[in-house]
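Enquirer: predicted coordinates and the sequence they were generated for:
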Amino acid sequence: MKRTKAQALQTREHLMLAALDVFHRHGVSRASLNEIAQAAGMTRGALYWHFKNKEALFEALFQHLFDDLGQKLDADIRHSTPNMLENVRLALINHFERILHNENHRKFCHILHLMCEHTVQNESIITLMRRYQQMWRQLIHDALKLCVAQGSLPKNLDVDLATVYFKSTVFGLTHQWLLAPERFSLDITAARITDATIDTLQNSLALRRPE
């Protein structure tokens, strides 16, 4: 019987969720396509019909879990949405809310931060991660640049340095909580850290360009 497009998409998502669980349990480098197929209750041949290798599965997960966040920010930048700084703030809070309340998002962040080994065998996955990190760096850079143009951030803000600071804050808080979630309440802490980050971008002289 010929499969419908909806059935094919459902099978594809089922495989991605199986891969997510296997990556989460064993790490990316030790996960095998055989194990992923077994976890999904399918043959390896059925998996290959949807994904040619482990890297394609990993990228599909990345797109499935993060693209909507990136697309929203990109659309705001392209349309020069008013009060872009508030949109940046909400995007940051939304990121942490997803980690806290969306199990699949939390699992994938755990994989990215703690289970994605930087080894020769994992080189293609690391290259893929770096490509997405560069994409996010550019989105943040363009968003902050728009904030400067709108006057919500200082006109002499060093946008390159501010981008590094912003990414370091997001990455650092995410990593700390994933390592030991019992140490602090993410929802309360994330809201306060987000406001502190915005305040620092607006007021820190250390983030201004030298005269």
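Expert: Noted; the coordinates are in hand. Numbers count the residues shown, from 1 in each chain.
Enquirer: quick one: neighbours of the residue lying closest to Pro154 once chain neighbours are set aside, just the number.
Expert: Distances taken as CB to CB, 6 or more residues apart in numbering put Arg208 closest to Pro154, at 6.2 Å, once the chain neighbours are dropped. To be clear about C-beta, it is placed using only N, CA and C from the backbone, and glycine gets the same treatment. Counted with other CB atoms under 10 Å, the neighbours of Arg208 add up to 15.
Enquirer: and what of Tyr165?
Expert: Using other CB under 10 Å, Tyr165 is surrounded by 18 other residues.
Enquirer: hmm, who's touching the helix or strand containing it?
Expert: Using DSSP states H and E, Tyr165 sits in helix 159-179. Helix 159-179 is touched from outside by 92, 95-96, 99, 109-110, 113-114, 136-137, 140-141, 144-145, 148, 153, 183-184, 186, 189-190, 193, 197, 200-201, 207, with contacts defined as CB atoms under 8 Å, 6 or more residues apart in numbering.
Enquirer: so how far is it from its chain's centroid?
Expert: Its chain's C-alpha centre and that of helix 159-179 lie 12 Å apart, by CA atoms, centre = their mean, to the nearest Å.
Enquirer: for this structure, what's the longest helix?
Expert: Across the chain, the longest stretch assigned as helix under DSSP state H is helix 123-150.
Enquirer: by contact count, what packs against that one?
Expert: Counting contacts by 3 or more CB pairs under 8 Å, 6 or more residues apart in numbering; DSSP states H and E, helix 123-150 packs against helix 54-78, helix 84-101, helix 159-179.
Enquirer: I'd like these as TSV, with distance to Ala19 and mean pLDDT appended.
Expert: Shown next, in TSV, are the helices and strands packed on helix 123-150 (distance: least, CB to CB, whole Å; pLDDT from 0 to 100):
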stretch	distance to Ala19	mean pLDDT
helix 54-78	5	86
helix 84-101	19	93
helix 159-179	19	96
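Enquirer: of those helices, which is nearest Ser124?
Expert: Proximity to Ser124, assessed across the helices and strands packed on helix 123-150 by CB to CB, is greatest for helix 54-78 (5.0 Å).
Enquirer: who's in contact with the residue nearest the centre of the chain?
Expert: The centroid of the chain falls nearest to Phe66 when counting by CA atoms, centre = their mean (5.3 Å). Counting by CB under 8 Å, 6+ apart, Phe66 makes contact with Tyr132.
Enquirer: distance check, Thr163 against Gln121.
Expert: 31 Å (CB to CB, to the nearest Å).
Enquirer: these two - which one has more neighbours?
Expert: Thr163 (20 against 10).
Enquirer: look up how far Thr194 lies from that one.
Expert: Where Thr194 is concerned, Thr163 sits at a distance of 16 Å (CB to CB).
Enquirer: thinking again about what came up before, mind listing what's buried in the longest helix of the chain?
Expert: Using 16 or more other CB atoms under 10 Å as the test for burial, helix 123-150 gives 125-126, 128-129, 132, 136, 139-148.
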